[in-house]
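> Fold the following for me, if possible:
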Amino acid sequence: MLKGKAFKFADNISTDLIVPGRLAHLRSNLPELAKHVLEDADPTFVSRVNAGDFVVGGNNFGLGSSREHAPLVIKMAGVSAILAKSVARIFFRNAINRGLPVLICDTDNINEGDELEIDLANGTVKDITNEITLHFKPIPNAMLAILKEGGLIPYIQKHGDFKLE
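Numbers count the residues shown, from 1 in each chain. You can find the predicted model right below:
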């Protein structure tokens, strides 16, 4: 069960909005890069986000360049999951591989600051503030196993080669 506050973003949040290209020199210093995550979309985000909070997007979240570090620095900022109406496929894969859940659901009725409770295994998002429950396709067991270990590399380090059950 994940619990936290929603940070709402618009459609088409690109990897350049997540990690601006002008900060490419920080790719070897991810903790420093995480201090700038999403600052072009919301300059106050990093100063307001707390461990466990959620990024809530609209359509086409994570489009653009395949910046593997984009979902990682979102996670490093304390975000426990991303919810969006649709997500770029490569961003989705990078996020799961880095241990950051990405949930596809209708985010229209989630507002900035709403308190959310997410059950990954059952595919539910409870918006406690609005007293509504949203549904997403439950995450497959193989992906849950990767997320539980914190990403694909920690999973393989602990269990050896990845095998679908």
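> Can you name the next helix or strand after the helix or strand containing Ala142?
Ala142 belongs to helix 141-148 when elements are defined using DSSP states H and E. With elements assigned by DSSP H and E, the helix or strand that comes after helix 141-148 is helix 152-159.
> Is the residue nearest the centre of the chain in a helix, a strand, or coil?
In the chain, the residue lying closest to the centroid (Cα atoms, centre = their mean) is Ile82, at 3.2 Å. Look at Ile82: counting by DSSP: H, G, I helix; E, B strand; the rest coil, its state is strand.
> could you list every residue that touches it?
By Cβ atoms under 8 Å, 6 or more residues apart in numbering, the contact set of Ile82 is 54-57, 61, 71, 74, 95, 100-103. C-beta here means a position set from N, CA and C on the backbone, and glycine is covered the same way.
> For Leu116, give me phi and psi.
When read as degrees, to the nearest 10, the backbone of Leu116 gives phi -120, psi 150.
> Just grab the bridge partners of the residue nearest to the centre of the chain for me.
With DSSP bridges applied, Ile82 shows beta-bridge pairing to Val55, Val102.
> ok, it to Gly62 distance?
8 Å (Cβ to Cβ, to the nearest Å).
> what is in contact with the two at once?
Taking Cβ under 8 Å, 6+ apart as the contact rule, Ile82 and Gly62 both touch 71, 95.
> where in this protein is pLDDT low?
The chain contains residues with pLDDT under 70 at 162-165.
> what's the longest strand in the chain?
Secondary structure of the chain per DSSP state E: the longest strand is strand 2-8.
> That strand: what's the following helix or strand?
Criterion used, DSSP H and E; the element after strand 2-8 is helix 15-18.
> how far out from the middle of the chain is that next one?
13 Å (Cα atoms, centre = their mean, to the nearest Å).
> Report all helices and strands that it contacts.
Counting contacts by 3 or more Cβ pairs under 8 Å, 6 or more residues apart in numbering; DSSP states H and E, helix 15-18 is packed against helix 69-76.
> who's in contact with the helix it packs on?
Contact with helix 69-76 is made by 15, 18-19, 27, 30-31, 33-34, 37-38, 55, 62, 82, 91, 94-95, 98-100, 102, as judged by Cβ under 8 Å, 6+ apart.
> Please list only the buried members of the residues you listed.
Buried subset of those (neighbour count, 16 or more other Cβ atoms under 10 Å): 15, 18-19, 33-34, 37-38, 55, 62, 82, 91, 94-95, 98-100, 102.
> ok, back up a step: the longest strand of the chain pairs with which strands, parallel or anti?
strand 54-56 (parallel), strand 115-119 (antiparallel).
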